[in-house]
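1. sequence and computational prediction follow.
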Amino acid sequence: MTNTALAGANTAPAAGRRRKAAAPAPTGPDRIPKPSQGWYRVPGTDIKLRRVTTILSQGFPKPQLVFWAANLTATDAFNTLPALVAASRRPAEKEAAYDWLRKGHIRKKDERGEIGGAVHDVIEAKVLGTPIPESFLTDDEIAPYIDHFLRFVEEWDVTFEASEMTVGNYTDGWAGKLDYLFRSPRIAAALKVPADTLFVGDTKTGGELDEKGVYPEAGAQMAAYRRAEVAWLPDGSQIPMPKAHSVGIVLHLRPEGYRPMPLKCGDDVYEAFLHVQQVAEFQRVLSKSVVGEALTLPTTEEKAAA
């Protein structure tokens, strides 16, 4: 199912109105699609491609997130119980305390987002051969993640080919930004594939090592990126997506260590992603018109009029 949409309808200008001058064609990095409200707009065209992470969030069941949010709320409540009890007796503070408690999962996501962003910046520095920002190496919270990431690069002999690269599939109507493409002869040896095999990679910083934090939807996400038709380079030029292996690697990164986790992301997983895309499209469009208004029996007056 194609999920490509037009950014706006083309209409003839009203009589007497001047036709707007055409915008100059985008050049350089301005040619790279940018995400906005669940879509990627392709500059210089009317094409919109659905964002991969939006497709997965709307179409992929995530029951574990419900339990995660509930456990987080319960933990926050017990850790701040005296303050919550005191706030419950003061109407002026009660609403603020309630709001703080219910938004615990948002605070945690923002915290992880900061760590994930720092890791991505470090990967970008490795790809470009630029120095790692000193602030990351001295931050007590972020530094352990960076240390373990650099260990992963050294111990597994990792060479990055691309980082934070926008990719898209015009045929199936989606686009996204993959974490990185890389080669690792040691990972290749472990998977019994040629040493120069190209892998799709992703970094996850949640959960606990060897227990939770890496979920199947990561495979679906990498399967989509692997099946991209095009990729945009940093200078804005568009190239065919390089061919990557049907097993991707999620780097599970935690303060206590790291694990490279192989996830299937072949054509069968991509077919599942396309199914998820259909479910997400149902949620976005058709679901809003499925349920009609309740039926009612005619009133006495309506019966008489009939």
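-> Noted; the coordinates are in hand. Numbers count the residues shown, from 1 in each chain.
2. hey, let's count contacts and neighbours off CA atoms from now on
-> OK.
3. all helices for the stretch 201-306 of the chain, in order.
-> 217-226, 267-281, 287-290, 300-305 (DSSP state H, counting those that start in this stretch).
4. likewise the stretch 51-200 of the chain?
-> 52-59, 63-79, 81-88, 91-102, 104-128, 134-138, 143-155, 185-190.
5. and those, which is most packed in?
-> For the helices of the stretch 51-200 of the chain, the largest average neighbour count (mean count of other C-alpha atoms under 10 Å) is found in helix 52-59, namely a mean of 19.
6. identify, out of the helices of the stretch 201-306 of the chain, the most deeply packed stretch.
-> Highest mean neighbour count among the helices of the stretch 201-306 of the chain (mean count of other C-alpha under 10 Å): helix 217-226, a mean of 26.
7. quick one: that helix to helix 267-281, angle?
-> Per axes from the mean of the first three to the mean of the last three C-alpha atoms, to 10 degrees, the angle that helix 217-226 makes with helix 267-281 is 100 degrees.
8. contact partners of helix 217-226?
-> Helix 217-226 has contacts (C-alpha atoms under 8 Å, 6 or more residues apart in numbering) with 52-53, 56, 60, 167-168, 176-178, 200-202, 241, 243-246, 248, 250, 263-267, 269-270, 272-273.
9. what pLDDT is listed against residue 77?
-> Note for residue 77: predicted pLDDT of 77.
10. wait, what's in contact with it?
-> 84, 101.
11. distance of it relative to residue 83?
-> 9 Å (C-alpha to C-alpha, to the nearest Å).
12. circling back to that earlier point, and the buried ones among the contacts of helix 217-226, selectable in ChimeraX?
-> Entered in ChimeraX, the line below selects the buried ones among the contacts of helix 217-226, by 16 or more other C-alpha atoms under 10 Å:
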select :52,53,56,60,167,168,176,177,178,200,201,202,241,244,245,246,248,250,263,264,265,266,269,270,272,273
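13. re the thing from before, minimum distance to residue 93: which of the helices of the stretch 201-306 of the chain has it?
-> helix 287-290 (37.7 Å; C-alpha to C-alpha).
14. average pLDDT across that closest one?
-> pLDDT averaged over helix 287-290 gives 88.
15. contact partners of that helix?
-> Contacts of helix 287-290 (C-alpha under 8 Å, 6+ apart): none.
16. how far off centre is that helix?
-> How far helix 287-290 lies from its chain's middle: 26 Å, per C-alpha atoms, centre = their mean, to the nearest Å.
17. now swap in stretch 166-178 and tell me
-> That offset, for stretch 166-178, works out to 12 Å (C-alpha atoms, centre = their mean).
18. tell me which residues are up against it.
-> The contact list for stretch 166-178, computed with C-alpha under 8 Å, 6+ apart, reads 1-5, 32-33, 39-40, 48-53, 163-165, 200-202, 222, 225, 227-233, 241.
19. and stretch 271-278, by the same measure?
-> By C-alpha under 8 Å, 6+ apart, stretch 271-278 touches 1, 55-56, 59-60, 220-221, 223-224.
20. residue 163 versus residue 123, what's the distance?
-> 7 Å.
21. before we move on, what about residue 35?
-> Residue 35 is 17 Å from residue 163, by C-alpha to C-alpha.
22. more crowded one of the two?
-> residue 163 (24 against 18; other C-alpha atoms under 10 Å).
23. can you name the residues bridging to the more buried one?
-> In this structure, residue 163 bridges to residue 180 when assessed by DSSP bridges.
24. circling back: quick one: least confident of the contacts of stretch 271-278?
-> residue 1 (49).
25. picking that back up, can you redo the helices of the stretch 51-200 of the chain as TSV with distance to residue 172?
-> As requested, the helices of the stretch 51-200 of the chain are arranged in TSV below (distance: least, C-alpha to C-alpha, whole Å):
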stretch	distance to residue 172
helix 52-59	11
helix 63-79	27
helix 81-88	49
helix 91-102	37
helix 104-128	27
helix 134-138	38
helix 143-155	34
helix 185-190	30
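26. how far away is the residue nearest to residue 133 when sequence neighbours are not counted from residue 215?
-> Excluding its sequence neighbours, the residue lying closest to residue 133 (C-alpha to C-alpha, 6 or more residues apart in numbering) is residue 122, at 7.7 Å. Distance, residue 122 to residue 215, by C-alpha to C-alpha: 24 Å.
27. flag the shaky bits of the stretch 151-300 of the chain, pLDDT-wise.
-> Scanning the stretch 151-300 of the chain for pLDDT under 70 picks out nothing.
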